[in-house]
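Asker: below are the sequence and a predicted model; questions follow.
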Amino acid sequence: MRMAENTLSVLKIAPGQHPQQVEIDNDLKALQQAVGGSIGASYPFADPVAIVYNDDGKLMGLPLNRALRDENGEMYDAVAGDFLVVGLGEEDFASLTPELAQKYEQLFHQPEAFLPLGRRMMVIPVPDEAVRNDTEKAVSKPPAEHDR
């Protein structure tokens, strides 16, 4: 029997941001920290991957993050709050292979905004210039007074 990996290489996807490849500990506590609460997992894809999300995200009013779509591209659900895309091993979560990491980075690359329209939800891709990750924010700060 293979030992489970101690750390997982996974994609972390936060609302309004591009996916980030991160290393997290392969334990419940680390997964809960990554999504900010009790975890749920769903397996919406044919690939050996899972989406790990905050099970109470919608109840807690976390911002909607990405749409989940069926094979016809119709949204059937949306993930609220931060979520992870993880690989599936024989018995538990595993690191994403580089191929799967790239595939799901592309799938979830574009942040989405959600507009309620009556009982339906309209999903709008957020344009790249509106997406700023933390490193860009750090780089593009205006110079401090003493730098001038």
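Answerer: That came through fine.
Asker: tell me which helix or strand E105 sits in.
Answerer: Here E105, judged by DSSP states H and E, is contained in helix 98-107.
Asker: and that helix, what's buried?
Answerer: Neighbour counts over helix 98-107 (16 or more other Cβ atoms under 10 Å) mark L100, A101, K103, Y104, E105 as buried. All C-beta atoms are positioned from the backbone trio N, CA, C, and that covers glycine.
Asker: what's the answer for stretch 114-124, then?
Answerer: So, applying 16+ other Cβ under 10 Å, buried residues of stretch 114-124: F114.
Asker: about what we covered before: check which helices and strands the helix holding E105 sits against.
Answerer: Counting contacts by 3 or more Cβ pairs under 8 Å, 6 or more residues apart in numbering; DSSP states H and E, helix 98-107 packs against strand 7-13, strand 83-88.
Asker: out of these, which is closest to M60?
Answerer: strand 83-88 (13.6 Å; Cβ to Cβ).
Asker: who's in contact with whichever helix or strand comes after that closest one?
Answerer: Per DSSP H and E, the first helix or strand lying C-terminal to strand 83-88 is strand 93-94. With contacts defined as Cβ atoms under 8 Å, 6 or more residues apart in numbering, strand 93-94 is touched by A4, E5, L8, V10, N26, L31, A50, V52, V86, G87, L88.
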